[in-house]
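Student: kindly return the folded structure for what I paste below:
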Amino acid sequence: MRILPVAAACVSAPLAARADAAAPPDPDKSYAIPAAEIVGFDLLLNLYDRHRYSGDATYDTTLASIRRNLRGGWTVDDDPYPTNQLLHPYQGSMYHGFARSAGLGYWASAGYTFAGSLFWEIAGETTPPSKNDQVASGVAGSFLGEALYRMAHLVLEGDRGPPGPWRELAAAAISPATGFNRHAFGERFDDVFDSRDPAYYGRMMLGGSGTVRNRQGPSAQPAQNGLIADFALDYGLPGKPGYAYERPFDYFGFRAIGTSGGGVESLAARGLLFGTDYSGAGGALTGIWGLYGSYDYVAPQLFRVSSTALSLGTTAQLPLPWSMALQASALAGLGYAAAGTVSAPGTNDYHYGAAPQALASLRFIYGSRAALDFSLRKFFVGGVDSPDERGHDNIVRADVSIIVRVHGRHGVALSYFWSQRKASLPGFPALGQERGTLGIFYTLLAKDGVGIVE
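Tutor: Residues are numbered from 1 along each chain as shown. As a prediction, this is how the structure comes out:
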């Protein structure tokens, strides 16, 4: 007997009954619907994987395999790096999106995300449950999922009245779970999330880059030149009168970079979980500080690192004379990370560890015409779940961009990306890898201007 059809009947119905019994009637909220959707999503994913990987018994789940997983211990698996560090967080973002778009708040949705990942680990695969997957899907999935959910609703809000078909389609592409619930349940969940009109800065850069510095080390040969798409959004920037940081992710930053040579090169979402705003310097300085949650994936073709973390930090804006401003973020915290070399296809050369990490970003804005952006992320991976606790990876990722608005929302940009890894692993010589690329881009801004909050 296959386990997931059995689990769908045995798990979703009791969860739905208990949720409906415990919650007061609310036509705009459901605890039962996302529970059923998550079980159904895992069922369909399991069936797809059985067909896609028909020669692999990993997905041939049975009652015996679920009993074994319930009674056995948790492991750290060795699945391909993109599966564990990219697809699992996206899978978790689907769980989160189902719950959020059924009217539930952030923390309740985060609980559904954790439970959905747990269900997959126990009943979706025959292999022992993986604690690294539970962190990636169950925790990072909520950080990524909330950012995607809010961006989808930012598109739906727009500034032109009720959303039309094209905005609905764009929102569904950003957060498929949100699009599914809006379509499947019609008026019940079609209210647009009230963002409370945040100040935000967004831009899409499309262009090409060339390698200007390369220290390959033991990795596979990277592409020397390529096309790049770089999207970034800062949502809830401090400085807007009347905007309050009362809910998780009322401030967040999101960035995704894709390349023709390496696929997804970077994906990052960080948001304020608990915090408050502040002002200083005679009221000119405005900012927020508190506890941030973050998910990072960095893969500049030579090496890769991915981390799920909690950090203390701040984000602020300081107006300057002559219509200029300085925006900055600084975070420091601890994550659970995976790092390693990009080796030949089909090989997995990476390890897990505790990861102290830091982030610093700076944006110098000149009126509505130009901006200089700088960001730096640093990860020190070692310790827990490493092959040997004496080993470590020291990784830095930095970039600087000059953006000039030419007309309306259109501009040009020049960017430099720099990535460096220094590794010390038992039994191997000291390892150094480094890559720098320079690119020129057409830039489309989300609004006229380059991010200053008036």
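
Student: what's the closest non-adjacent residue to Leu73?
Tutor: Not quite, residue 73 is Gly, not Leu. Residue nearest to Gly73 in three dimensions, not counting chain neighbours: Pro128, with 6.8 Å by CB to CB, 6 or more residues apart in numbering. Bear in mind the C-beta positions are built from the backbone N, C-alpha and C, glycine included.

Student: contacting residues around that neighbour?
Tutor: Going by CB atoms under 8 Å, 6 or more residues apart in numbering, Pro128 touches 69, 72-75, 77.

Student: skipping adjacent residues, who's closest to Leu310 in space?
Tutor: Taking CB to CB, 6+ apart, and ignoring the residues beside it in sequence, Leu310 has Gly333 as its nearest neighbour in space, at 5.2 Å.

Student: that neighbour bridge partners, please.
Tutor: Listed by DSSP bridges, the beta-bridge partners for Gly333 are Ser311, Gln357.

Student: which pLDDT value goes with it?
Tutor: Gly333 carries a pLDDT value of 97.

Student: wait, what's in contact with it?
Tutor: 292, 294, 309-313, 356-358.

Student: low-confidence bits of this structure, can you list those?
Tutor: Within the chain, the segments meeting pLDDT under 70 span 1-27, 159-160, 220, 281-283, 344-348, 383-390, 426-429.

Student: could you pull out the strands for it?
Tutor: Secondary structure of the chain (DSSP state E): strands at 200-215, 225-235, 252-259, 263-280, 285-298, 303-320, 324-341, 350-366, 370-382, 392-407, 410-424, 431-445.

Student: now the ones you listed in JSON lines, with distance to Ala36?
Tutor: Converted to JSON lines, these look like this (distance: least, CB to CB, whole Å):
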{"stretch": "strand 200-215", "distance to Ala36": "34"}
{"stretch": "strand 225-235", "distance to Ala36": "30"}
{"stretch": "strand 252-259", "distance to Ala36": "29"}
{"stretch": "strand 263-280", "distance to Ala36": "27"}
{"stretch": "strand 285-298", "distance to Ala36": "26"}
{"stretch": "strand 303-320", "distance to Ala36": "27"}
{"stretch": "strand 324-341", "distance to Ala36": "30"}
{"stretch": "strand 350-366", "distance to Ala36": "33"}
{"stretch": "strand 370-382", "distance to Ala36": "38"}
{"stretch": "strand 392-407", "distance to Ala36": "40"}
{"stretch": "strand 410-424", "distance to Ala36": "43"}
{"stretch": "strand 431-445", "distance to Ala36": "39"}
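
Student: most neighbours among the contacts of Gly333, please name it.
Tutor: Across these, neighbour numbers were computed from other CB atoms under 10 Å; Tyr292 holds the maximum, 29 neighbours.

Student: measure that residue to Ala110 for me?
Tutor: 15 Å (CB to CB, to the nearest Å).

Student: isn't Asp448 right next to His410, touching?
Tutor: No: with contact defined as CB atoms under 8 Å, Asp448 does not reach His410; the gap is 9.9 Å.

Student: how much space separates the residue nearest to Leu310 from Leu372?
Tutor: When CB to CB is applied, the distance between Gly333 and Leu372 equals 26 Å.

Student: same question for Val453.
Tutor: According to CB to CB, Val453 and Leu372 sit 17 Å apart.

Student: neighbour count: the two, which is higher?
Tutor: Residue environment comparison for Val453 versus Leu372 gives the larger neighbour count to Val453, 21 against 14, counting by other CB under 10 Å.

Student: quick one: contacts for the residue nearest to the more buried one when sequence neighbours are not counted?
Tutor: For Val453, the nearest residue in space outside its immediate sequence neighbours is Gly239; the separation is 3.6 Å by CB to CB, 6+ apart. When contacts are counted by CB under 8 Å, 6+ apart, Gly239 touches 199, 286, 317, 319, 453-454.

Student: farthest-separated two in those residues?
Tutor: Distances among the contacts of Gly239 were taken as CB to CB; the most separated pair is Ala199 and Pro319, at 13.3 Å.

Student: center of this protein - which residue?
Tutor: Centrality entry for the chain: nearest residue to the mean C-alpha point is Leu144, 3.5 Å, by CA atoms, centre = their mean.

Student: got a list of what that one touches?
Tutor: Remark: with contacts taken as CB under 8 Å, 6+ apart, Leu144 is in contact with 89-90, 92-93, 96, 267, 269, 295.

Student: so which of the residues you listed is the closest to Leu43?
Tutor: Where the contacts of Leu144 are concerned, and distances follow CB to CB, Leu43 has its nearest neighbour in Gly92, at 16.7 Å.

Student: count of residues packed around the closest one?
Tutor: Applying the criterion other CB under 10 Å, we find 31 residues in the vicinity of Gly92.

Student: contact partners for it?
Tutor: The neighbours of Gly92, taking CB under 8 Å, 6+ apart as the test, are 113, 116-117, 136-142, 144-145.

Student: which among these gets closest to Phe231?
Tutor: Lowest distance from Phe231 to the contacts of Gly92 (CB to CB) belongs to Leu144, with 14.0 Å.

Student: ok, and the closest non-adjacent residue to that closest one?
Tutor: For Leu144, the spatially nearest residue (CB to CB, 6+ apart) is Ser93, at 4.4 Å.

Student: got the contact list for the one you found?
Tutor: When the contact criterion is CB under 8 Å, 6+ apart, the partners of Ser93 are 141-142, 144-145, 148, 175, 177.

Student: tabulate the residues you listed (JSON lines), appending distance to Gly226.
Tutor: JSON lines is the format used below for the contacts of Ser93 (distance: CB to CB, whole Å):
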{"residue": "Gly141", "distance to Gly226": "29"}
{"residue": "Ser142", "distance to Gly226": "32"}
{"residue": "Leu144", "distance to Gly226": "25"}
{"residue": "Gly145", "distance to Gly226": "29"}
{"residue": "Leu148", "distance to Gly226": "26"}
{"residue": "Ser175", "distance to Gly226": "28"}
{"residue": "Ala177", "distance to Gly226": "31"}
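
Student: between those residues, which sits nearest Leu47?
Tutor: Within the contacts of Ser93, proximity to Leu47 (CB to CB) peaks at Ala177, which comes in at 18.5 Å.

Student: can you tell me how far the closest one sits from Tyr292?
Tutor: Between Ala177 and Tyr292 the computed distance is 24 Å (CB to CB).

Student: how about Arg182?
Tutor: As for Arg182, its distance to Tyr292 is 29 Å (criterion: CB to CB).

Student: my guess is Ala398 contacts Ser361. True?
Tutor: No: Ala398 is beyond contact range of Ser361, at 10.1 Å (criterion: CB under 8 Å).
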